[in-house]
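# Quick one, what's the 3D model for this:
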Amino acid sequence: MSTIALEMALNIAIVAVSLALLPCGWRLIFGPHSVDRVLAVDTLYINAVALIVLLGIRLDTPMLFEAALLVAMLGFASTVAMARYLTRGDVIE
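The predicted structure is shown next:
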């Protein structure tokens, strides 16, 4: 019985996170300012990490957890680089 509940909860969570990607994509495309776009990219990669982790649990494969870690590290670095570029005009001093 608990396996069925876990599968149902995972399916609902996957759908919810997938639906959360839509407003972020909208803000990324139609954001009025560049800061809005940076925040949309930041939220998109966080949602992508959550989706990869949920799929890793659902498919029972440890490889997706490593992929989620890589996406999280690259997302953090890209957000810092974009924010620094917007505030200072360059990424590397």
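# going forward, measure contacts and count neighbours with C-alpha atoms only.
OK.
# what ranges do the helices span in this structure?
Chain-ordered helices for the chain, with DSSP state H as the definition, fall at 2-30, 34-59, 63-88.
# what's the most buried one of those?
helix 34-59 (a mean of 18; mean count of other C-alpha atoms under 10 Å).
# elements contacting that one?
Applying 3 or more C-alpha pairs under 8 Å, 6 or more residues apart in numbering; DSSP states H and E, one finds that helix 34-59 contacts helix 2-30, helix 63-88.
# okay if I get those as JSON lines plus mean pLDDT and distance to L55?
JSON lines is the format used below for these (pLDDT from 0 to 100; distance: least, C-alpha to C-alpha, whole Å):
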{"stretch": "helix 2-30", "mean pLDDT": "92", "distance to L55": "8"}
{"stretch": "helix 63-88", "mean pLDDT": "90", "distance to L55": "7"}
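# N47 is nearest to which of the ones you listed?
Between N47 and those, the tightest spacing by C-alpha to C-alpha is seen for helix 2-30, at 6.3 Å.
# other SSEs contacting the closest one?
On a contact count with 3+ C-alpha pairs under 8 Å, 6+ apart, helix 2-30 meets helix 34-59.
# Find me the pLDDT at G56, would you?
For G56, the pLDDT comes out at 94.
# Apart from its neighbours in sequence, what residue is nearest it?
Nearest residue to G56, sequence neighbours excluded (C-alpha to C-alpha, 6 or more residues apart in numbering): L64, at 5.1 Å.
# Figure out which of the helices and strands packed on helix 34-59 is closest to V53.
Closest of the helices and strands packed on helix 34-59 to V53 is helix 63-88, at 5.9 Å (criterion: C-alpha to C-alpha).
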